[in-house]
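1. Any chance you could fold what I've pasted below:
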Amino acid sequence: MECSLTARDRVGLQDFVLLDAYTSETAFLDNLRKRFHENLIYTYIGTLLVSVNPYKELGIYTKKQMDVYMGVNFFELPPHIFALADNVYRTMISETNNHFILISGESGAGKTEASKKILQFYAVSCPSTRLLDNVRDRLLLSNPVLEAFGNAKTLKNDNSSRFGKYMDIQFDHRGAAVGGHILSYLLEKSRVVHQNHGERNFHVFYQLVEGGEDDLLRWLGLQRSCQNYRCLVKGDCAKVTSINDKNDWKTVRKALSIIEFSESDIEHLFAIIASVLHLGNVQFDANIRGYASLSNSNELHWLSKLLGIQTHVLQEGLTHRKIEAKAEEVLSPFTTEHAIYARDALAKAIYGRTFNWLVNKINESLANKDSSRKTVIGLLDIYGFEVFHVNSFEQFCINYCNEKLQQLFIQLTLKSEQEEYEMEGIEWEPVPYFNNKIICDLVEEKHRGIISVLDEECLRPGEATDLTFLEKLEETLNGHPHFVTHKLADQKTRKTLERGDFRLLHYAGEVTYSVKGFLDKNNDLLYRNIKDVMRQSQNNIIKLCFPKTEPDTKRRPETVATQFKSSLAGLTDILMSKEPWYVRCVKPNSGKQPGRFDDVMVRHQVKYLGLMEHLRVRRAGFAYRRRYEVFLQRYKPLCPDTWPNWKGTAAEGVQRLVKHLGYKPDEYKMGRTKIFIRHPRTLFATEDAFDVCKHQLGTANKTPARLLTFFLILEIKLSFSTRIETCWRGLMARKEKEKRAWAVKVIKKFIKGFMTRNQPACMDNSEYLAFVRQNYLTRLKDNLPKSILQRNAWLTAPPIMQEVQRSVTKHLGTSQMPLSSWFIVLTRNLCSLQLKATASSLFRGRKENYPFSVARPFADTRISKKDHPLSYSVPVIKYDRNGFRPRFRQLIFTQVAAYLVEEGKVKQRMEFSSLRGVSVSNLSDNFLILHIACDDVKQKGDLVLQCDYLFEALTRLSVVTNNKNLVKIVQGSVRFDIQPGREGFVDFKSGSESMVYRAKNGHLMVVSREMREIN
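-> Prediction:
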């Protein structure tokens, strides 16, 4: 870090603690802005990391970057989230204690991405085995699943977490990740039934509708249009350009499988998601008596099927309430308004309980079965302070959570500072700071706090409303310095408040809350008879979410605010038992524009993130502290007594050095292992003197000085070269290890294949036998008999093919067929081998999956001869030139033309004379593009086809056209003509699974599985 001080005027300081004007917000913002414009998005405040969202790719999260930051001293390299993650990990290993990283910031500031980067760093840096890799994969893939079910597009962020998440990563004594556990907090269930304009419901609904397979949607009774579902279009924002729901759906499906969700679990989970969509479409009409009745039976039918509940039971539960009168129960019909409330309450309850089941299921997958003691690193990714145009119950809970975390933040920061001072034997000086306990008490104090008043109003008999709640607040909190309403405000403030509003002065600033909906959202009641209905479900997940053993007493359950208050108290206890680390995420502008730094917006976040408060705590004593060895190693050239080598202890050397530099007694303190420097200007003066000293050493004319400079440079070069050599040797050793591991795996497989070569084909010998067949056919190609009478001229076949050879020999030796018949049989076999030889010359070594086609014999046709007696024909999938929609067709070759046929109807005829060529990729896909010469605009263009018998079909085509140069094997992309003057593209690439889809750029993207070619 000291190396960067010489460039501090241009790129800013890497640590805010070194700011001279540390109490100035303007100086703080100037430093942050300088670094942001230099693409330096990370800055320290001591060990706290400030991260500014760049809204662009910077290329600083590669595997190479991870290697650079692994095992390096925290302040040795520029600030980075990898440096923080590595320091936390190494501290945990060395001290065998527990830690947590608190990631906070407002929506869109990059909290979720920061959490992902930390997980990815641990996935790469921790020791690895096959078992540990499974744990790592589950930890990483839990993110997209939880994001799908718990994140949504809001006005501020297209992927906003609508729940709080605390994840413990468990490590064994070797530092390997062996398990994990997730806690979730306050899922925003109201989003299921209502979204503000410009916002969306949870991602998973759109992913299912847009990306779900046709058969799945048909089974769920869904249509591929979000516009058909009321709970997806209330925000009028179903489509978002930055979100690819189809691709995200594939990611979630893959993740669910890896996290060990069974097919039954996945099926029931999607049935629940679909049932919420159908439930949102349930509408009510008022009958003659004014009571609610269902207006659409179709949605009820699908609800019944998906939830496994009888239709009449569902209908009764949605339109009636069960009332207990003395010893009997009476069904009371709902009004339309009550029925809508009950429907929405049920939708929220189903989704909220299913989300809790999902988290528990993931925890089962991550659970570590070993009971030995583990150390943990916790990741707390929790909603930041929220201030909207209209703030409701959700923002109240979220901001209360931030108040509690700020209180904890200051307590833990002061505690860690005080402990370091005491450990170093330096007197601790009390630090003045704003204690936000008064605001926390305002919210959570028993009997007088806002939550207590809200609960009391929810539970009291009589007609309680949101406005009566506000009146009770005014009565209870009148005169509180951090609480004001329209009634309690002065004349000037009253103009900024509506009659249904109250305002809290948080540590981060003022927030005005609308009381509308506070009581309903806090109650979150679900009628008892609807619970009884859900307990009859045959859906396994719903059975677990609504257990028959669930207490069903007449006592009201805890309110949402009280539950949240209790869970926060539990979270505080968890965090207090661990060592804290912090990442503060900052959003530079509201438009997600790279390079734009909004001073007003950033200033507000700096305030509510408590960054100035933290800086004041860190700077209350000493701005800079370093171990004696590090300080002496850097600055020893400044003192003749310490240069070039100091013979005594590092502490004595530092004492001699600072005395020579003229440090005043009040400017520094000597601790047990570190020097503490009070003012940044003292450090800057030292660094400037060191910069001058380096130039003087380099330009001095005296021989001793030159020698000293030479040896200094030589020492530095040797040090760097040693480090580079070590890194390079490590890299090459790892590559060699991977290469040998692969070679060992292949050799073992072929040895096992050789040992089991005489057994029936199985997993152990399949690759070996395929290699044997290919090798035999390759040799046979150049050694075919010259005459049908040379029965003994055939090469000796390997055991796997001897049965075929015996059959041929038997027929050649004993058959009484006429010579003409034998000629036909033999000619046919020779033709088949010649076709195989042609295929080898066309594709061997040029297309990945060719070796796996060698063992498959070529057929005369792939469609019954009854249908096409004179032609070679093969089934294909034809992709439309516009839109790439797949259609099933038959491809037929005659002597002069090729035909594309659908159920006996010719869709396109292609003369071989007009066939310009055929393009295929070098990968393992089965796609071919027929390029056809056409000058007339009305003519159809090139054909994009997929064929399971690709090698056979193309070999037949090259033979029938007598043109072996017809087939062109290409890499990357293929251009084709949609029609004269219009062109399209097919892009090819390898991936972990085969996929065909239309990419964002309008091209057809063909992804084929990576295969190792057998040579």
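2. that's a helix at residue 97, yeah?
-> No - applying DSSP: H, G, I helix; E, B strand; the rest coil, one finds residue 97 to be coil, outside a helix.
3. For the protein, give the helix that spans the most residues.
-> Across the chain, the longest stretch assigned as helix under DSSP state H is helix 703-755.
4. Give me the helices and strands touching that helix, please.
-> The contact analysis (3 or more C-beta pairs under 8 Å, 6 or more residues apart in numbering; DSSP states H and E) places helix 703-755 against helix 680-699, helix 766-781. To be clear about C-beta, it is placed using only N, CA and C from the backbone, and glycine gets the same treatment.
5. average model confidence for that helix?
-> For helix 703-755, mean pLDDT is 77.
6. quick revisit: quick one: which of the helices and strands packed on helix 703-755 is nearest residue 600?
-> Evaluated over those, closeness to residue 600 peaks at helix 680-699, with 27.2 Å, by C-beta to C-beta.
7. picking up where we left off before, would you single out the least confident of the helices and strands packed on helix 703-755?
-> Lowest mean pLDDT of the helices and strands packed on helix 703-755: helix 680-699, a mean of 69.
8. quick one: terminal-to-terminal distance for stretch 426-442?
-> Using C-alpha to C-alpha, to the nearest Å, the end-to-end distance of stretch 426-442 comes out at 37 Å.
9. Please identify the most buried of the helices and strands packed on helix 703-755.
-> Greatest average neighbour count among those goes to helix 766-781 (a mean of 17), per mean count of other C-beta atoms under 10 Å.
10. At which residues are the strands of the stretch 301-450 of the chain located?
-> Ranges of strands in the stretch 301-450 of the chain, per DSSP state E, counting those that start in this stretch, are 320-325, 328-333, 375-381.
11. Tabulate these (JSON lines), appending mean pLDDT, distance to residue 796 and mean neighbour count.
-> Shown next, in JSON lines, are the strands of the stretch 301-450 of the chain (pLDDT from 0 to 100; distance: least, C-beta to C-beta, whole Å; neighbours: other C-beta atoms under 10 Å):
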{"stretch": "strand 320-325", "mean pLDDT": "77", "distance to residue 796": "84", "mean neighbour count": "14"}
{"stretch": "strand 328-333", "mean pLDDT": "79", "distance to residue 796": "87", "mean neighbour count": "11"}
{"stretch": "strand 375-381", "mean pLDDT": "88", "distance to residue 796": "64", "mean neighbour count": "23"}
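12. could I get these as TSV with distance to residue 481?
-> Output for the strands of the stretch 301-450 of the chain, formatted as TSV (distance: least, C-beta to C-beta, whole Å):
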stretch	distance to residue 481
strand 320-325	45
strand 328-333	47
strand 375-381	30
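13. Contact partners for the residue sitting nearest the centre point of the chain?
-> Among the residues of the chain, residue 144 comes closest to the average C-alpha position under C-alpha atoms, centre = their mean, at 4.6 Å. With contact set as C-beta atoms under 8 Å, 6 or more residues apart in numbering, residue 144 has these partners: 248, 251-252, 255.
14. about what we covered before: as TSV, the helices and strands packed on helix 703-755 with distance to residue 744 would be great.
-> TSV is the format used below for the helices and strands packed on helix 703-755 (distance: least, C-beta to C-beta, whole Å):
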stretch	distance to residue 744
helix 680-699	52
helix 766-781	15
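15. Which one, of those helices, ends up nearest to residue 188?
-> Between residue 188 and the helices and strands packed on helix 703-755, the tightest spacing by C-beta to C-beta is seen for helix 680-699, at 43.7 Å.
16. closest one to residue 382 among the helices and strands packed on helix 703-755?
-> Among those, if distance is taken as C-beta to C-beta, the winner is helix 680-699, at 32.7 Å.
17. what residue ranges in the stretch 101-250 of the chain score low on pLDDT?
-> Residues of the stretch 101-250 of the chain meeting the criterion pLDDT under 70: 129-132.
18. Could you pull out the strands in it for me?
-> Assigned by DSSP E, counting those that start in this stretch, the stretch 101-250 of the chain shows strands spanning 151-152, 160-161, 164-171, 177-185.
19. how distant is the first one from the center of its chain?
-> Relative to its chain's centre, strand 151-152 lies at 13 Å (C-alpha atoms, centre = their mean, to the nearest Å).
20. packing partners for it?
-> Under the contact criterion of 3+ C-beta pairs under 8 Å, 6+ apart, strand 151-152 touches strand 160-161.
21. Direction included, what does the strand it packs on pair against?
-> Strand pairing for strand 160-161, using DSSP bridges, gives strand 151-152 (antiparallel).
22. from the contacts of residue 144, which has minimum pLDDT?
-> Comparing pLDDT over those, the lowest score belongs to residue 255 (89).
23. That residue and residue 141 touch, don't they?
-> Yes - if you go by C-beta atoms under 8 Å, residue 255 and residue 141 touch, sitting 3.9 Å apart.
24. picking up where we left off before, of the strands of the stretch 101-250 of the chain, which is nearest residue 919?
-> Proximity to residue 919, assessed across those by C-beta to C-beta, is greatest for strand 151-152 (41.5 Å).
25. in the stretch 451-600 of the chain, which ranges drop under the pLDDT threshold?
-> Checking the stretch 451-600 of the chain against pLDDT under 70 turns up 550-556.
26. Quick one: the helices in it, in order.
-> 466-477, 491-494, 518-523, 528-534, 540-545, 560-576, 599-608 (DSSP state H, counting those that start in this stretch).
27. That'll do, ta.
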